[in-house]
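[1] Can you look at this prediction? I've put the sequence above it.
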Amino acid sequence: MALIEQSGIERLTTNAIAEKAGVSIGTLYQYFADKNTILDALIGREMTRLSERVMKAFEGAAPERPGARIPILMEAIMKSYGGRARIHRKLLAYALAQGPATRLDPLLAKVIALFASGNIALPGRSQLGSADAFVLTHAFMGVMRAVVAGREPPPLAEVQASLTSLLTDFALRSASRPG
């Protein structure tokens, strides 16, 4: 991670990685075919940590009021980035440049299923339809991606309040629709 922060992904080399790790280049190549393989492993590790934190935020009973889980989810995502948002922006940009963002698909599918299962508090209805769960999940993840990747997002507390309002209002309207 320190090498990515210092030189960027484009100037990162396997020689620099081997030197920083204190291994020979031959040893490095026994485990990784090239720089892209190393970056893919690093992104995979970070995605696993992110997924674990997000799923942990869903543990426990449904919150007593609509939207109460949103700050918990936001905190879980922000903790995944720690103080390394700049490096994660670089990794995110690299991952997106490699093609479709399919690394998030398993996590998104789990979150959609949780929203559809009723793991959020909605007065008068215990679960959302699959389309509404899909929209809520992708709206949330889109905002979080923009916060993490953004150069200067508004203050996090303001984003959290706006996102909570947006998603809660949507969920409540969804719950009041017939069907």
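    Yep, it's here. All values reported here derive from a predicted model rather than from experimental measurement. Numbering: from 1, shown residues only.
[2] can we go C-alpha only for contacts and neighbour counts from here?
    Noted.
[3] lowest confidence element among the helices and strands of this protein?
    Sorting the helices and strands of the chain by mean pLDDT, DSSP states H and E puts helix 85-97 at the bottom, at a mean of 69.
[4] Tell me where the model's unsure across the chain.
    1, 62, 81-86, 89, 92-93, 96-102, 118-127, 149-151, 175-179 (pLDDT under 70).
[5] Would you map out the domains in it?
    1-32, 40-176 (automatic domain parsing).
[6] Tell me the gap between the shortest one and the middle of its chain.
    So that's domain 1-32. Averaging C-alpha positions (C-alpha atoms, centre = their mean, to the nearest Å) puts domain 1-32 25 Å from its chain's average.
[7] Sort out which residues of that domain are buried, please.
    Buried residues in domain 1-32, counting neighbours by 16 or more other C-alpha atoms under 10 Å, are found at Ile4, Ile9, Leu12, Thr13, Thr14, Ile17, Ala18, Leu28.
[8] dump the residue contacts of the nearest residue in space to the fifth one that is not next to it in sequence.
    Put plainly, it is Thr14. The shortest distance from Thr14 to any non-neighbouring residue, by C-alpha to C-alpha, 6 or more residues apart in numbering, is to Lys35 (5.7 Å). Applying C-alpha atoms under 8 Å, 6 or more residues apart in numbering, we find Lys35 in contact with Leu12, Thr13, Thr14.
[9] Can you add secondary structure and give those back as JSON lines?
    Below are these laid out as JSON lines (DSSP: H, G, I helix; E, B strand; the rest coil):
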{"residue": "Leu12", "secondary structure": "coil"}
{"residue": "Thr13", "secondary structure": "coil"}
{"residue": "Thr14", "secondary structure": "helix"}
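[10] quick check, nearest of the residues you listed to Asp132?
    Nearest to Asp132, judged by C-alpha to C-alpha, of the contacts of Lys35 is Leu12 at 41.9 Å.
[11] ok, Met55 - how many residues close by?
    A count of neighbours around Met55, defined by other C-alpha atoms under 10 Å, yields 15.
[12] Give me the phi and psi angles of it.
    When read as degrees, to the nearest 10, the backbone of Met55 gives phi -70, psi -30.
[13] cool, and Leu12?
    Here is the backbone geometry of Leu12 (degrees, to the nearest 10): phi -70, psi 140.
[14] Enumerate every residue touching it.
    With C-alpha under 8 Å, 6+ apart as the criterion, the residues that contact Leu12 are Leu3, Ile4, Lys35.
[15] ok, 10 Å please
    Leu12 is in contact with Leu3, Ile4, Glu5, Gln6, Lys35, Leu39, counting by C-alpha atoms under 10 Å, 6 or more residues apart in numbering.
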